[in-house]
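Peer 1: using only what follows, build the 3D model:
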Amino acid sequence: MNKVILMGRLTRDPEVRYTQTNNTLVASFSLAVNRRFTKQGEERQADFINIVAWSKTGEFCSKYFKKGQQVGIIGRIQTRTWDDDQGQKRYVTEVIAEEAYFADSRRDGENQGAGFENTFGENIANNSEFQVTSGSDDDLPF
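Peer 2: Next up is the predicted model:
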């Protein structure tokens with residue numbers, strides 16, 4: 001089984017490009033995911049994880065995700081290789097996003113760290129109808 005669940009902050013706005021073969025949208029961005037434990041007297045460390053989102057999920061991420069925003073990503077790990085211009089073999093490990101969620105509070109980050117309980121009840125990247133778990137429409141982040 002290959003399943004990854006991450007919650008972190010975007011280090012940059014998603015970058016959008018299209019495949020050459022069939023013009024499929026692909027969005028890429030990086031998440032800073034805090035490590036759970038810190039050594040006494042040291043700052044909290046983070047891992048920077050590359051995320052790739054295809055098609056509708058990528059379109060959603062590119063439209064609504066911005067640098068600094070806390071998001072949740074569910075997906076799978078994938079590695080790929082290629083030869084660079086000098087003939088050297090290069091490797092990259094990425095998370096392929098299958099689901100994308102808001103993880104900030106609904107007031108545009110005003111109450112940081114609110115977690116998944118303040119997000120949409122369903123994966124809105126793959127749904128046409130939005131469903132809010134609680135609150136009014138005034139609390140929506142967009």
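Peer 1: got phi/psi on residue 57?
Peer 2: Main-chain dihedrals, residue 57, degrees, to the nearest 10: phi -60, psi -40.
Peer 1: ugh, typo on my part, it should be residue 64
Peer 2: Here is the backbone geometry of residue 64 (degrees, to the nearest 10): phi -110, psi -20.
Peer 1: ok, it to residue 58 distance?
Peer 2: 11 Å (CB to CB, to the nearest Å). Heads up, the C-betas are built off the backbone N, CA and C, glycines and all.
Peer 1: now do the strands in this protein.
Peer 2: With DSSP state E, the ranges of strands along the chain come out as 4-10, 15-18, 25-34, 46-54, 70-83, 89-102.
Peer 1: near residue 78, how many other residues are there?
Peer 2: Residue 78 sits with 13 neighbouring residues when counted by other CB atoms under 10 Å.
Peer 1: need the nearest residue in space to it, chain neighbours excluded.
Peer 2: With CB to CB, 6 or more residues apart in numbering as the criterion, residue 78 has its nearest non-adjacent residue at 5.1 Å, and that residue is residue 96.
Peer 1: below-threshold pLDDT in the protein: ranges please.
Peer 2: The chain contains residues with pLDDT under 70 at 105-142.
Peer 1: mind doing that once more with 50?
Peer 2: 109-142 (pLDDT under 50).
Peer 1: show me the contacts for the residue minimising distance to the centre of the chain.
Peer 2: Closest residue to the average C-alpha location of the chain: residue 73 at 4.8 Å, with CA atoms, centre = their mean. Contacts for residue 73 were tallied using CB atoms under 8 Å, 6 or more residues apart in numbering; they are 4-7, 31, 51, 95, 97, 99-101.
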